[in-house]
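> How does the following fold in three dimensions:
(one chain, ligands or ions: 2)
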Amino acid sequence: MRITKLTTYRVPPRWMFLKIETDEGVVGWGEPVLEGRARTVEAAVHELSEYLVGQDPSRINDLWQVMYRAGFYRGGPILMSAIAGIDQALWDIKGKVMGQPVYELLGGLVRDKMKVYSWVGGDRPADIINDIKRLREGGFDTFKMNGTEELGIVDSARKVDEAVARIAEIRAAFGHDIEFGIDFHGRVAAPMAKPLLKALEPYRPLFVEEPVLAEQAEYYPRLAEQTAIPLAAGERMFSRFDFKRVFQAGGIAIVQPDLSHAGGITECFKIAGMAEAHDVAFAPHCPLGPVALASCLAVDFVSHNAVLQEQSMGIHYNKGAELLDFVKNKDDFRIEDGYINPLRKPGLGVEIDEERVIEASKNAPDWRNPVWRHADGSVAEW
Ligand SMILES: O=C(O)C(=O)C[C@@H](O)[C@H](O)CO
Ligand SMILES: [Mg+2]
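Ligands and ions are numbered 1, 2, ... in the order given. Model (predicted):
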């Protein structure tokens, strides 16, 4: 079998699908995308296709190493997102050729179902209580929300109190009948992470995500020393080589690589293993589409330390399309009592509605995250 063609489709809300075709008619789908930089990743995918067309798609490990190493420069969000989507599509092809779901090719199930969580509250954490009430009716009991709005490198006790008040309100409304992670989303600088974590401590969130920006990872062990709240990070780390420093330094209790940003299934399966060796939980980041989610699940179902899976149903970013709009086998993604079952069809287990993808790709938006500014006009982390 040989790879014959790579086709990319940018689609709403902010995703991109990759179709890899072969000379034997087997097709694989991937989701190479970096939110807000879809066209850049698209260019990277087509540059990398020079290594792929004419090659045997079954040699995923060799193709991965060529894509990672042969271009001299490596790593980072763009190249690793491009490699990620290509890797996903190659695993999809391999599973279809062998008539097996990807998790079988990785050694089989370690669990019967996977716990998922849902976002509440949007960019500016508001209306969280009603969101939680609505989603609980759908069987969810685990959530994630933004912890703050814009926050200065050093900011007021009032801002800290506002952030904490929202969390206190949730605990007052639901007690510990629900669990939630608080995403600092890179908005909190090191000087404010300390007081904010301290003030949140009494409410015992399930985790605090990106307590500081990934480029400030040296603060993770220091912050972990001062708080019992499990710290989580990973969506802005892109390979084993980024994560190894975090494992060596300690401080992170949950790693959250994104299967569409961190080199795909081949790379994230290895990251999950590194995490397990360090007694760190694995909870892939996935605010994206169905192929990204299916790729996460393929690794979740073979990783003992996989604990939680993000999924984007109803997420505030999904304007113009929802998680399963481009999927034919929607039922396979059913969430019951906050859990999702393995996707048992061969490959990644996603049946893409190609006609719908092609139609939607004709006027795909160039999604961008907002540019936030502080009161003084300086750029604020979004
Ligand atoms: O889902 C999360 O945890 C996020 O922090 C969302 C963020 O990654 C946006 O997708 C960036 O555009
Ligand atoms: Mg996040």
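
> contacts, neighbours, all on C-alpha from now
Fine.

> Low-confidence regions, this protein specifically.
125-126 (pLDDT under 70).

> same for whichever helix or strand I132 is part of, what does it pack against?
In this assignment (DSSP states H and E), I132 forms part of helix 128-137. Packed against helix 128-137, as judged by 3 or more Cα pairs under 8 Å, 6 or more residues apart in numbering; DSSP states H and E, are the following elements: helix 157-174.

> for ligand 1, what are the nearby residues on the stretch 51-200 of the chain?
Contacts of the stretch 51-200 of the chain with ligand 1, taken as Cα under 6 Å from any ligand atom, map to H185.

> Now do the contacts for the one residue in the stretch 51-200 of the chain that gets nearest to ligand 1.
Ligand 1 sits closest to H185 of the stretch 51-200 of the chain, with a gap of 5.3 Å, by Cα to the nearest ligand atom. Applying Cα atoms under 8 Å, 6 or more residues apart in numbering, we find H185 in contact with N146, G147, E209, E210, P211, V212, L213, W382.

> you'd agree it is in a helix?
No - applying DSSP: H, G, I helix; E, B strand; the rest coil, one finds H185 to be coil, outside a helix.

> Look up phi and psi at it.
H185 adopts backbone torsions of phi 60, psi 20, taken as degrees, to the nearest 10.

> what element comes up after the helix holding I132 heading to the C-terminus?
Immediately after helix 128-137, counting by DSSP H and E, sits strand 142-146.

> Could you measure from the residue of the stretch 51-200 of the chain closest to ligand 1 over to V327?
As for H185, its distance to V327 is 29 Å (criterion: Cα to Cα, to the nearest Å).

> so I271 touches R240, yeah?
Yes - counting by Cα atoms under 8 Å, R240 is a contact partner of I271 at 5.7 Å.

> one step back: out of the contacts of H185, which sit inside strands?
Those of the contacts of H185 mapping onto strands are N146, E209, per DSSP state E.

> Which positions in stretch 217-226 come out as buried?
Within stretch 217-226, the residues scored as buried using 16 or more other Cα atoms under 10 Å are A217, Y219, Y220, L223, A224.

> What are the contacting residues of it?
Applying Cα under 8 Å, 6+ apart, the contact partners of stretch 217-226 are 190, 193-194, 198, 211-212, 230-231, 246, 249-252.

> tell me the residue furthest from the middle of the protein?
No residue in the chain sits farther from the centre than D376, which is 32.7 Å out by Cα atoms, centre = their mean.

> Am I right that that residue sits in a strand?
No - D376: not assigned to a strand; according to three-state DSSP it is coil.

> who in the stretch 251-382 of the chain is up against ligand 1?
When proximity is defined by Cα under 6 Å from any ligand atom, the stretch 251-382 of the chain lies next to ligand 1 at H285, P287.

> all strands for the stretch 251-382 of the chain, in order.
Listed in chain order, the strands of the stretch 251-382 of the chain (DSSP state E, counting those that start in this stretch) span 254-255, 281-282, 309-310, 335-336, 339-340, 372-373, 379-380.

> Dump those into JSON lines; add mean neighbour count as well.
Shown next, in JSON lines, are those (neighbours: other Cα atoms under 10 Å):
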{"stretch": "strand 254-255", "mean neighbour count": "26"}
{"stretch": "strand 281-282", "mean neighbour count": "26"}
{"stretch": "strand 309-310", "mean neighbour count": "22"}
{"stretch": "strand 335-336", "mean neighbour count": "16"}
{"stretch": "strand 339-340", "mean neighbour count": "19"}
{"stretch": "strand 372-373", "mean neighbour count": "14"}
{"stretch": "strand 379-380", "mean neighbour count": "15"}
